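Chemist: the sequence isn't on hand, but the structure is:
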């Protein structure tokens, strides 16, 4: 059964969630109820709100055997793309907000992130290694058009010759090709573009404010045409819904210039599981049980398994079949598993006014 809306007079337009259950750390839930007065209510459109945060540090250190990097940066908390399956939704609970509508409508921007990053680079103890941006929330979500935080961050990364790996489904990254292309020539940048499905109608339901699949493929082509190494990320692979498209997505991305590819099985941690079950009940009622049964087959009977080595790929016969199909497709298409390693040996402070310039 679909969950009830948070407010019957709240109009939702292009939102991935339809509910706003309290976060897991909150003591009380919220329920919309009539006040008993027979007065007409006005319908209200739910709009995106943005607050600003000024952190003392922006580099997050991580230690995960599933990931090829040890540090990340997030210019924004929450994501207006509103992907119904987003595994990052539970992070909003740390702000006392809901993983549902709050995650995609109550955003937090970090306008001073570039200044803070430069200060962290300047510390004598800092040792460079690839910095991953976009692993939690998309740095090129719509609000970036106004705040331009990512563009400022790229300016700092380029000035310091620091390697960066970007993950996005936002076409706004094309705006920054003038910075990214020279960085790519120095071996300092690679980009992963997420393509969940080639079906525009399904994408509109799953990822209501993200660019269409065709537009993302065009972004891959523009980045590749500028000499920037691009990896297509078939993520998440959703059993029954998007799983049959695996080979077609890989072929389309290769044809548009992607050099490498990866895949990740649908992840439903914590609050994401009930939100995605609600999405299925509303949008795919005839296939909901099939999707969940196939997923649970690959998750040890549960909606999700967070164990290292399993959370990205699942387990069992069905999971191995997806992995085998992926392996065969990338070999046939000539796609690599990994992009060339990024350089860290060029890292150095940018020249200051009055510094002696090199002749070479």
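Modeler: Arrived safely. Since the model is a prediction, treat every value here as computed from it, not as a measurement. Residues are numbered from 1 along each chain as shown.
Chemist: what about the longest helix in this structure?
Modeler: helix 317-333 (DSSP state H).
Chemist: doesn't residue 15 make contact with residue 84?
Modeler: No. The criterion here is CB atoms under 8 Å, and residue 84 misses it with residue 15 at 9.2 Å. Every C-beta, even on glycine, is put in place using the N, C-alpha and C of the backbone.
Chemist: between those two, tell me which one has more neighbours.
Modeler: Between residue 84 and residue 15, counted using other CB atoms under 10 Å, residue 84 has the larger neighbour count: 23 against 18.
Chemist: element containing the more buried one?
Modeler: Using DSSP states H and E, residue 84 falls within no helix or strand.
Chemist: distance of it relative to residue 345?
Modeler: Per CB to CB, to the nearest Å, residue 84 is found 42 Å from residue 345.
Chemist: before we move on, back to that, next, the buried residues of the longest helix of the chain.
Modeler: 318, 319, 322, 325, 326, 329, 330 (16 or more other CB atoms under 10 Å).
Chemist: among these, which one sits closest to residue 154?
Modeler: Relative to residue 154, the closest of the buried residues of helix 317-333 is residue 330; by CB to CB it sits at 29.1 Å.
Chemist: can you show me the strands along the stretch 1-150 of the chain?
Modeler: 10-11, 44-45, 49-52, 60-61, 71-73, 76-77, 106-109, 131-133 (DSSP state E, counting those that start in this stretch).
Chemist: using TSV, lay out those strands together with mean neighbour count.
Modeler: Shown next, in TSV, are the strands of the stretch 1-150 of the chain (neighbours: other CB atoms under 10 Å):
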stretch	mean neighbour count
strand 10-11	13
strand 44-45	9
strand 49-52	12
strand 60-61	11
strand 71-73	19
strand 76-77	22
strand 106-109	20
strand 131-133	23
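Chemist: make TSV out of the ones you listed and add mean pLDDT and distance to residue 283.
Modeler: Compiled in TSV, these are given as follows (pLDDT from 0 to 100; distance: least, CB to CB, whole Å):
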stretch	mean pLDDT	distance to residue 283
strand 10-11	76	18
strand 44-45	77	21
strand 49-52	98	26
strand 60-61	96	33
strand 71-73	98	31
strand 76-77	98	26
strand 106-109	98	23
strand 131-133	98	31
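Chemist: of the ones you listed, give the one that comes closest to residue 178.
Modeler: Nearest to residue 178, of the strands of the stretch 1-150 of the chain and by CB to CB, is strand 131-133 at 17.7 Å.
Chemist: secondary structure element holding residue 279?
Modeler: Applying DSSP H and E as the criterion places residue 279 in helix 272-283.
Chemist: now do the helix or strand that that helix is followed by and helix 317-333, the angle between them.
Modeler: Downstream of helix 272-283, the first helix or strand assigned by DSSP H and E is helix 288-297. When axes from the mean of the first three to the mean of the last three CA atoms, to 10 degrees is applied, the directions of helix 288-297 and helix 317-333 differ by 90 degrees.
Chemist: what are the buried residues along helix 288-297?
Modeler: By 16+ other CB under 10 Å, the buried positions in helix 288-297 come out as 288, 291, 292, 294, 295, 296, 297.
Chemist: for the helix holding residue 279, packing partners?
Modeler: Contacting helix 272-283 under the criterion 3 or more CB pairs under 8 Å, 6 or more residues apart in numbering; DSSP states H and E are the following elements: helix 200-206, helix 288-297.
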